[in-house]
Each structure stands twice: as C-alpha cells, then as structure tokens.
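Novice: Generate a structure from the sequence data that follows.
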Amino acid sequence: MVPINTTLDDTRDVLLDAVRAGESSTRLQAALAIGTRRDPGHVEALVARCAVEPDFFVRDMLTWALTRFPAEVTVPRLLAELDSGRSQARSQALHTLSKIADASAWPAITPAVLHDADDEVARSAWRAAVVLVPDGERARLAADLAEELGRGDRAVRLSLSRALVALDDVVEPVLRAALASADPVVRAHARATERLVLDPDAAFDPDVDEAIRVVALGPAPADGPAC
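Specialist: Predicted coordinates:
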C-alpha cells in the first residue's frame with residue numbers, strides 16, 4: 001500500500017499517486033484522505049478517476065470526497081464530464097451532481113442526457129433530475145421521463161418509476177396518457193408506476209415480460225369448443 005501519511009509539502013503528490021494505485025484499498029484510503037483534507041488541487045484527479053474506477057466502493061468514496069468541496073469548484077468540472085465519450089464518466093458525474101444537489105446544474109439536464117443510450121447513464125440522469133428540477137419544470141420533466149416507460153430490464157424500469165414517483169402530483173397526467181399507449185410494454189410499466197404512486201411500499205411488478213410475450217407471439221388462443 002502506498003503510504004499517505006506524509007509531510008504537508010508532499011501530501012498532494014502522494015495522494016494523487018495513491019488514488020490511482022493498483023490496490024483498491026489504497027485508492028479507497030486516498031479518496032477518504034482527499035475528502036478529509038479538501039485541497040482544491042485534488043478535484044481534477046478525483047473527477048478523472050471517477051471515469052475509470054472499477055470498484056463500486058471506491059467510486060462511492062470518490063463521490064463523497066467531491067461533495068466535501070465547494071460546489072463552485074466541483075460543479076463546473078462535473079458538468080464538463082457530461083460531454084465525455086466514456087459512459088462511466090457521464091454516469092458518475094450525474095451521480096455526484098445528484099449528491100451535491102446544487103441548483104445551478106439543472107440546465108445541463110437536457111433531454112439528450114435524460115435519454116442517453118447507455119442505461120446506467122440514463123438512470124443516473126433520472127435520479128439527478130428529480131433532485132435538481134425547479135418547481136416550474138417538474139411537469140416538463142415528468143413528460144420527458146414518461147417517454148422512457150417500457151425501457152430496459154427490471155432495474156432500469158424500477159429506477160424510472162422511482163424517479164416518476166418522486167415528482168408527486170405532476171406525474172398523474174403522463175401516466176394516464178401512457179396507460180392508453182398502443183404499446184403493451186409501456187402500459188404495463190405505467191400500471192406498475194401508478195401502483196407505486198398510490199403505495200410506495202408496494203411490490204414493483206410491471207408484468208413487462210408478459211407484455212413482451214404478447215407482442216412477440218400474440219394473445220394466447222382461446223380454448224376451442226368442447227368435443
């Protein structure tokens with residue numbers, strides 16, 4: 001493990017090396033130390049590491065460390081990551097923005113971000129959006145999110161439903177519209193979301209697999225006449 005308890009003069013360089021070390025325990029310790037010391041000279045390295053860090057727990061500590069800095073230092077750098085070609089960079093930036101919860105980041109939550117082709121980026125965008133959205137934009141956000149009904153696997157659909165539920169009353173009109181969709185997968189997801197709106201503790205069961213079967217194979221045939 002790279003030692004990180006050093007004199008003041010070389011602490012910055014040692015921590016910068018440690019946050020990129022081969023052992024995840026060293027990287028975790030380095031991120032913790034950076035968040036504790038709060039030297040603005042480390043912000044660039046933290047953001048850059050978020051884009052490539054393979055360990056979930058280290059990524060979580062990197063995000064924690066970034067939340068320890070003033071928003072005016074971190075938010076512009078995180079917003080720049082939303083244009084990255086690396087999906088993890090975009091996803092982690094959005095996740096960290098949701099934790100910082102600085103309202104100045106809201107204009108960056110564009111339809112392109114909300115509808116990112118990468119599921120993990122989109123899920124992070126949905127979570128960030130419901131944290132950052134100003135009151136006057138909640139209905140528009142609900143409409144944007146509703147366009148994603150029926151997307152992805154169960155984890156993706158649950159993330160979207162939770163985001164919609166967080167918008168409270170403005171979600172009702174978009175769910176009503178989705179319940180009339182010609183797409184049975186969208187209808188199933190809308191029904192499951194509606195149940196969560198009524199009872200946030202309800203089990204999430206969108207019956208999407210059955211809807212997909214119906215689309216692929218058609219309705220099950222009725223039983224023929226008895227012989």
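
Novice: pLDDT score assigned to residue 207?
Specialist: We note a pLDDT of 61 for residue 207 in this prediction.

Novice: same question, the one 3 residues further on
Specialist: Residue 210 is assigned a pLDDT of 56 by the prediction.

Novice: same thing with residue 125?
Specialist: 98.

Novice: my read: it touches residue 116, true?
Specialist: Yes. Using C-beta atoms under 8 Å, residue 125 is in contact with residue 116, at 6.2 Å. Any C-beta I mention is one placed from the backbone N, CA and C, and that applies to glycine too.

Novice: And the two? Which one has more around it.
Specialist: Legend: neighbour count by other C-beta atoms under 10 Å for residue 125 and residue 116, higher for residue 125 (31 against 20).

Novice: Contacts only, for the more buried one.
Specialist: The contact partners of residue 125, taken as C-beta atoms under 8 Å, 6 or more residues apart in numbering, are 94, 109, 113, 114, 116.

Novice: Residue 102 too?
Specialist: 71, 75, 132.

Novice: Skipping adjacent residues, who's closest to the first one in space?
Specialist: Okay, so that is residue 71. Distance criterion C-beta to C-beta, 6 or more residues apart in numbering; nearest residue to residue 71, sequence neighbours excluded, is residue 102 at 4.1 Å.

Novice: what do you get for residue 30?
Specialist: residue 18 (3.5 Å).

Novice: and the one you found, how many residues sit next to it?
Specialist: Residues lying near residue 18 (other C-beta under 10 Å) number 21.

Novice: I figured it was touching residue 29, is that so?
Specialist: Yes. Residue 18 is in contact with residue 29 according to C-beta under 8 Å; the separation is 7.0 Å.

Novice: any idea where the helices of this structure begin and end?
Specialist: Shown for the chain, the helices assigned by DSSP state H span residues 8-18, 24-37, 43-50, 56-67, 71-81, 87-100, 111-114, 119-132, 138-146, 154-166, 171-179, 184-198, 208-217.

Novice: helices and strands around the shortest one, which ones?
Specialist: In terms of contact count using 3 or more C-beta pairs under 8 Å, 6 or more residues apart in numbering; DSSP states H and E, helix 111-114 is assigned the packing partners helix 119-132, helix 138-146.

Novice: For residue 44, which of the ones you listed is the nearest?
Specialist: The minimum distance between residue 44 and the helices and strands packed on helix 111-114 falls on helix 119-132, with 20.7 Å, by C-beta to C-beta.

Novice: now that closest one: how far from the chain's centre is it?
Specialist: The chain centre lies 4 Å from the centre of helix 119-132; the measure is C-alpha atoms, centre = their mean, to the nearest Å.

Novice: Could I get the pLDDT score of the closest residue to residue 38 other than its chain neighbours?
Specialist: In space, and not counting its chain neighbours, residue 38 is closest to residue 68: 5.4 Å by C-beta to C-beta, 6+ apart. Listed pLDDT for residue 68 reads 97.
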